[in-house]
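Engineer: Provide a 3D model corresponding to the input given below.
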Amino acid sequence: MISVEEALSKVLSFVHVLDHEEKPILECLGQALAEDIRAPFDVPPLDNSAMDGYAVRADSIAGATHESPKNLRVIGEVAAGQVSKLKVDPGTAVRIMTGALLPEGADTVVPFEDTDELRRKANLLYAGEIGIFASLPAGSNVRRRGEDIAKGKVIISQGTLLRPAHIGVLASLGKKTALVIRQPVVGILATGDELIGPDSPLSPGKIYNSNSYSLAAQVMECGGIPRLLGIASDDVGQLSAAISSGLECDLLITSGGVSVGDYDVVKQVLAAAGEVSFWTVRMKPGKPLAFGILRGRNGRKVPHLGLPGNPVSSMITFEVFARPAILKMMGAHELERPRIVAVMEDGVINKDSRRIFARVILSRRDSKYFARLTGPQGSGILTSMASANGIAIVPETVSELKSGDRVEVMVLNWDNI
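Structural biologist: This is a model prediction of the structure:
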């Protein structure tokens, strides 16, 4: 039985970054860039207004107040998208809209609310003049050329997982497509004579296959493409055929059939179809865990993770081993979920010196994080995963975690924390 670290190291040593592909930017969300993105021009390309107001020279409005406004002559107007030929001289102003290029000579924009425009319109006063109530320093409400993105600068680095803001940045540079690491296709196969699909009537001795669906959702959440391969019975021939159908995938995940039971035939099939690296890991839940390499067509090697059949064990081992492997295939730099230190509100007994992954509900009070168990921690209680937003990690060297002790927690999501 090997440690969690040794098992993860073996898994990651067998998986590699996949090849890249060029796709429309809207289809690249969640994928890692395969190249650095450099700005081909400044953004914004020229000085422009950050407000609706009046473009002026700062020295023309020095000392302006509500009690003693500075009256300027309005020489024109410029809208967003227009290039004005007007020149702002001392004592003049140009009415300007947000995003419009700053006219020559102007260095400041005065917002409408700091002028007497509304009063003048209401009283039909001279429209060729405006009163300024604020003395603003030069550069106020002006977006300078290149202040967002400077030409030639690396804006998004290779390996960055693209989020919505990154897609917007790519669009702001005029890019229609991006070069990204392709998403791994992950084959998911459930094993066991007791399993049936959701479209079958439930009969005595049978249970619905939940693992394939929870695993597929986990694959999707971290950016992979799940391929459901169905259910294989506890028969060497049928299981061999089912596993063969997944050898075109980038990673094959099976659930069930890797413990010490008489009918756990996955180990037999894997031993015949490839190379097995390890069978058990010093963790709870998730002790029975197989990893190895399957031989595909034309010498192709497909990494395989044989996860336990119990629903919680399956999901926990996916988090610890499969998720980092998928992210590495995608070219990501950060392979682990964020971790925090929390105060435990329940006790946890560690009877057999294995690393315990306990499902917890995280909360924050008085600038501290607290973790309480979701309830019973049996590996078949799938609802304990559904209500958890974190996984508390109890080291194998700790025999008892008491209420009030500090514990490291893997954050599954930040909702309601």
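
Engineer: which parts of the helix or strand where G131 lies are buried?
Structural biologist: If you go by DSSP states H and E, G131 is part of strand 129-132. Of the residues in strand 129-132, 130-132 count as buried by neighbour count, 16 or more other CB atoms under 10 Å. Using the backbone N, CA and C atoms, a C-beta is placed for each residue, glycine as well.

Engineer: what does it rub up against?
Structural biologist: Residues from elsewhere that reach strand 129-132, judged by CB atoms under 8 Å, 6 or more residues apart in numbering: 54, 56, 61, 64, 69-74, 93, 95, 110, 114-117, 120.

Engineer: among those residues, the buried ones, what's the ChimeraX command?
Structural biologist: The buried residues among those can be selected in ChimeraX (16+ other CB under 10 Å) with this line:
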select :54,56,61,64,69,70,72,74,93,95,110,114,115,116,117
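
Engineer: bridge partners for T115, pull those for me.
Structural biologist: I132 (DSSP bridges).

Engineer: give me the number of residues near D47?
Structural biologist: Residues lying near D47 (other CB atoms under 10 Å) number 18.

Engineer: and stretch 391-401, what's buried?
Structural biologist: 391-394, 396, 398, 401.

Engineer: so what's G128 closest to, chain neighbours aside?
Structural biologist: Nearest residue to G128 in three dimensions, chain neighbours excluded: V74, at 5.5 Å (CB to CB, 6 or more residues apart in numbering).

Engineer: what packs against the strand or helix carrying the one you found?
Structural biologist: Assigned by DSSP H and E, V74 belongs to strand 70-78. If you count contacts as 3 or more CB pairs under 8 Å, 6 or more residues apart in numbering; DSSP states H and E, strand 70-78 packs onto strand 53-56, strand 92-96, strand 129-132.

Engineer: ok, longest strand in the chain?
Structural biologist: strand 355-365 (DSSP state E).

Engineer: mean confidence (pLDDT) on the following helix or strand past that strand, please.
Structural biologist: Using DSSP H and E, the helix or strand that follows strand 355-365 towards the C-terminus is strand 368-373. For strand 368-373, mean pLDDT is 97.

Engineer: send me strand 368-373 as PDB with only the CA atoms.
Structural biologist: This file holds the C-alpha atoms of strand 368-373, laid out as PDB (Å, rounded to 0.1, in the frame of the first residue of the first chain):
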ATOM      1  CA  LYS A 368     -11.900  32.400  10.600                       C
ATOM      2  CA  TYR A 369     -12.900  29.300   8.600                       C
ATOM      3  CA  PHE A 370     -14.800  26.500  10.400                       C
ATOM      4  CA  ALA A 371     -15.500  23.000   9.100                       C
ATOM      5  CA  ARG A 372     -18.200  20.600  10.300                       C
ATOM      6  CA  LEU A 373     -18.900  17.100   9.000                       C
END
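
Engineer: ok, and for the next helix or strand after it, which residues are buried?
Structural biologist: On the C-terminal side of strand 368-373, the closest following helix or strand by DSSP H and E is helix 383-386. Buried residues in helix 383-386, counted by 16+ other CB under 10 Å: 384-385.

Engineer: which elements pack onto helix 383-386?
Structural biologist: Under the contact criterion of 3+ CB pairs under 8 Å, 6+ apart, helix 383-386 touches helix 311-317.

Engineer: any idea how far the helix it packs on is from the middle of the chain?
Structural biologist: Counting by CA atoms, centre = their mean, to the nearest Å, helix 311-317 is centred 21 Å from the centre of its parent chain.

Engineer: and for stretch 225-243?
Structural biologist: 31 Å.

Engineer: what's the answer for stretch 203-210, then?
Structural biologist: 34 Å.

Engineer: pull the residues that contact it.
Structural biologist: Contacts with stretch 203-210, where a contact means CB under 8 Å, 6+ apart, come from 190, 194-198, 200, 202, 231, 311, 382.

Engineer: picking up where we left off before, got JSON lines for the buried residues of stretch 391-401, with secondary structure and pLDDT too?
Structural biologist: Listed next are those as JSON lines, based on DSSP: H, G, I helix; E, B strand; the rest coil; pLDDT from 0 to 100:
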{"residue": "I391", "secondary structure": "strand", "pLDDT": "98"}
{"residue": "A392", "secondary structure": "strand", "pLDDT": "98"}
{"residue": "I393", "secondary structure": "strand", "pLDDT": "97"}
{"residue": "V394", "secondary structure": "strand", "pLDDT": "96"}
{"residue": "E396", "secondary structure": "coil", "pLDDT": "93"}
{"residue": "V398", "secondary structure": "coil", "pLDDT": "94"}
{"residue": "L401", "secondary structure": "strand", "pLDDT": "94"}
